[in-house]
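My questions concern the predicted model and sequence given below.
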Protein chains: 2
Amino acid sequence: MSQHLYDQDEFFQYYIKLERQIKGLAGAPEWPQLKAMLPDLNGLSVLDLGCGFGWFSRFARENGAASVRAIDLSEKMLDKARSMTNDDKIEYERVDLEELKLTENQYDVVFSSLTFHYLANFPALTNEINKGLKSSGRLVFSIEHPIFTAPSKPGFVVDEETGRKFWPLDDYQTEGLRITNWLAPGVKKQHRTVGSYINILLNSGFRLTDFVEWRPSKDELIRYPSRESEVVRPTFLLMAATKD
Amino acid sequence: MSQHLYDQDEFFQYYIKLERQIKGLAGAPEWPQLKAMLPDLNGLSVLDLGCGFGWFSRFARENGAASVRAIDLSEKMLDKARSMTNDDKIEYERVDLEELKLTENQYDVVFSSLTFHYLANFPALTNEINKGLKSSGRLVFSIEHPIFTAPSKPGFVVDEETGRKFWPLDDYQTEGLRITNWLAPGVKKQHRTVGSYINILLNSGFRLTDFVEWRPSKDELIRYPSRESEVVRPTFLLMAATKD
């Protein structure tokens, strides 16, 4: 069973104050590039894995999706999502993604934002997603970039000689548990390499169509200078793949 | 025009003493995984880009390839390759890969080992390779991993607190020239991100089929303890793609 991180009071109190929770998709810098990977949602059947407050599920319906099944592990997240939604074509449901079972050929689009890097058994899920997708259906998702999740001590280091900031990469090839302090102490993530993500998708019967290591544009760097750290090393990896 | 690195005397004198030059493919730790990406070469028409001393070209012929066109920028490399080869089905030729033009539908397999990270204009080459391949033909290649080429100051750093070794990653998203001191001072490489390599292939009409961030096996780590550094961060990225 996955960690009930988002049901911990301390974590949740910080989490709801993040810009991406207050402003929704508009508060997520990587959203424009992720959105560009989506097909026209009009009339499509959508599955949202790790739906959080339901921002994407509502976006999908506002853009014509016929129905959305929205899944999360956290009751708190789902309660908040339900309170923000007035749409009987969005079905919120509590399921542990590590135990998700899908019926064949149900969905046109499977979407997931910043969720898969919490899962220990990702291949089991991609097999289910591939089964659940219709032929040529699309999986669109974001994760924390493996360069971001790898280090034993994540956090920038400044080179005393040059003043340059660098990311202390180590343990890149050692996959598995990483414990970090993000919003609350003891947050558990699962590090895997870029190669593992790609091969898990290919082995599940997907064809890779999109691969974006998110970085800010020049305009964004002027408006948000702190995003310069994203040029040093990426935080987000966005991918899309179609069922073969 | 690309750098005539391999024609510089100082560089060449060091280069020919590398294990992978003395022992050939058997001296390259990543070769078994790269070999596994190749189809059965029997009867196939092969193009070898950056052939060096011709180790792969001769391997291809020994494994049944009908013919091999082997290209390199360095006259010294080609002279050495010719002196080691007695096979009129291997044609060695001096061409700058940045200016390579191929005839349509000529090759079943295009191979390249540790060459593409020297090229400034990679998309022009992948377009040519795609054109030159027969339908469903395969491109198999290795490069220095973008994590390896990215840093402004490549070289491990030891964390004084923990004694752990890490790789000082910076400038990952800043593509372009990197000047390093490898065998000789002032070696010029072109850094590009993992995302760029993948998207250049997809945009040239390839389908990605294999992606391996090389790491040593447990057995290799026992026999060659210094390869532990490859667990900290990868040096080699191996990929294969088929013409769509």
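Noted; the coordinates are in hand. Numbering: from 1, shown residues only, chains lettered A, B, ... in the order given.

Report the contact partners of residue A:85.
The contact partners of residue A:85, taken as Cβ atoms under 8 Å, 6 or more residues apart in numbering or on different chains, are A:54, A:57-58, A:92. To be clear about C-beta, it is placed using only N, CA and C from the backbone, and glycine gets the same treatment.

residue ranges for the strands of chain A, please.
Secondary structure of chain A (DSSP state E): strands at A:45-49, A:67-72, A:90-94, A:107-113, A:133-144, A:157-158, A:165-169, A:176-182, A:184-191, A:206-213, A:236-243.

so what strands line up beside the first one?
Think strand A:45-49. Using DSSP bridges, the strands paired with strand A:45-49 in its sheet are strand A:67-72 (parallel), strand A:107-113 (parallel).

quick one: contacts for the closest residue to residue A:135 other than its chain neighbours?
Once flanking residues are discounted, residue A:135 sits nearest to residue A:243: 6.2 Å by Cβ to Cβ, 6 or more residues apart in numbering or on different chains. By Cβ under 8 Å, 6+ apart, the residues touching residue A:243 are A:130, A:133-139, A:205-207.

try it again with 10 Å
A:105, A:107, A:110, A:129-139, A:204-207 (Cβ atoms under 10 Å, 6 or more residues apart in numbering or on different chains).

Equivalent analysis for residue A:5, please.
Neighbouring residues of residue A:5 by Cβ under 10 Å, 6+ apart: A:11-12, A:15, A:73-74, A:118, A:182-184, A:186-189.

rerun that using 6 Å as the cut-off
Taking Cβ atoms under 6 Å, 6 or more residues apart in numbering or on different chains as the contact definition, residue A:5 lies against residue A:11.

ok, so what distance separates the most centrally placed residue in chain A from residue B:205?
By Cα atoms, centre = their mean, the mean C-alpha position of chain A lies nearest to residue A:114, the distance being 2.0 Å. If you measure residue A:114 against residue B:205 using Cβ to Cβ, to the nearest Å, the figure is 32 Å.

Show residues contacting stretch A:125-144.
Contact with stretch A:125-144 is made by A:34, A:37-39, A:97, A:100, A:102, A:104-114, A:116-117, A:200, A:204-205, A:236-238, A:240-243, as judged by Cβ under 6 Å, 6+ apart.

Look up which residues are beta-bridged to residue A:236.
With DSSP bridges as the rule, residue A:236 is bridged to residue A:144.

what sits against it?
Contact analysis of residue A:236 by Cβ under 6 Å, 6+ apart lists A:30, A:142, A:145, A:214.

Spatially, what comes nearest to residue A:189 if we skip its sequence neighbours?
Spatial nearest neighbour of residue A:189, excluding adjacent residues (Cβ to Cβ, 6+ apart): residue A:178 at 4.8 Å.

Could you check the pLDDT of that neighbour?
Note for residue A:178: predicted pLDDT of 96.

What of the one 5 residues further on?
Per-residue confidence at residue A:183 stands at 73 (pLDDT).

swap in the one 4 residues further on?
What the model reports for residue A:187 is a pLDDT of 87.

Near the closest residue to it other than its chain neighbours, how many residues? Count them for me, please.
Spatial nearest neighbour of residue A:187, chain neighbours left out: residue A:180 (5.3 Å); criterion: Cβ to Cβ, 6+ apart. A count of nearby residues for residue A:180, using other Cβ atoms under 10 Å in any protein chain shown, gives 16.

now residue A:231
Residues near residue A:231, counting by other Cβ under 10 Å, number 15.

That one: what's it in contact with?
Applying Cβ under 6 Å, 6+ apart, we find residue A:231 in contact with residue B:173.

hmm, back to that, quick check: the residue nearest to the centre of chain A vs residue B:56, distance?
For residue A:114, the distance to residue B:56 equals 42 Å [Cβ to Cβ].

Kindly report the same for residue A:139.
In terms of Cβ to Cβ, residue A:139 sits 36 Å off from residue B:56.

So residue A:71 is in contact with residue A:92, correct?
No - contact criterion Cβ atoms under 6 Å: residue A:71 and residue A:92 do not qualify, at 7.9 Å.

circling back: so which of the strands of chain A gets nearest residue A:79?
Ranking the strands of chain A by proximity to residue A:79 (Cβ to Cβ) places strand A:90-94 first, at 9.0 Å.

send the alpha carbons of the lowest-mean-pLDDT helix or strand in chain A over as PDB?
Between all helices and strands in chain A, the lowest mean by mean pLDDT, DSSP states H and E belongs to helix A:9-15, at a mean of 78. The C-alpha trace of helix A:9-15 is given here as PDB (Å, rounded to 0.1, in the frame of the first residue of the first chain):
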ATOM      1  CA  ASP A   9      -2.500  16.800   8.500                       C
ATOM      2  CA  GLU A  10       0.800  18.600   8.600                       C
ATOM      3  CA  PHE A  11       1.600  17.800   4.900                       C
ATOM      4  CA  PHE A  12      -1.900  18.600   3.800                       C
ATOM      5  CA  GLN A  13      -1.900  22.100   5.400                       C
ATOM      6  CA  TYR A  14       1.200  23.000   3.500                       C
ATOM      7  CA  TYR A  15       0.100  21.300   0.300                       C
END
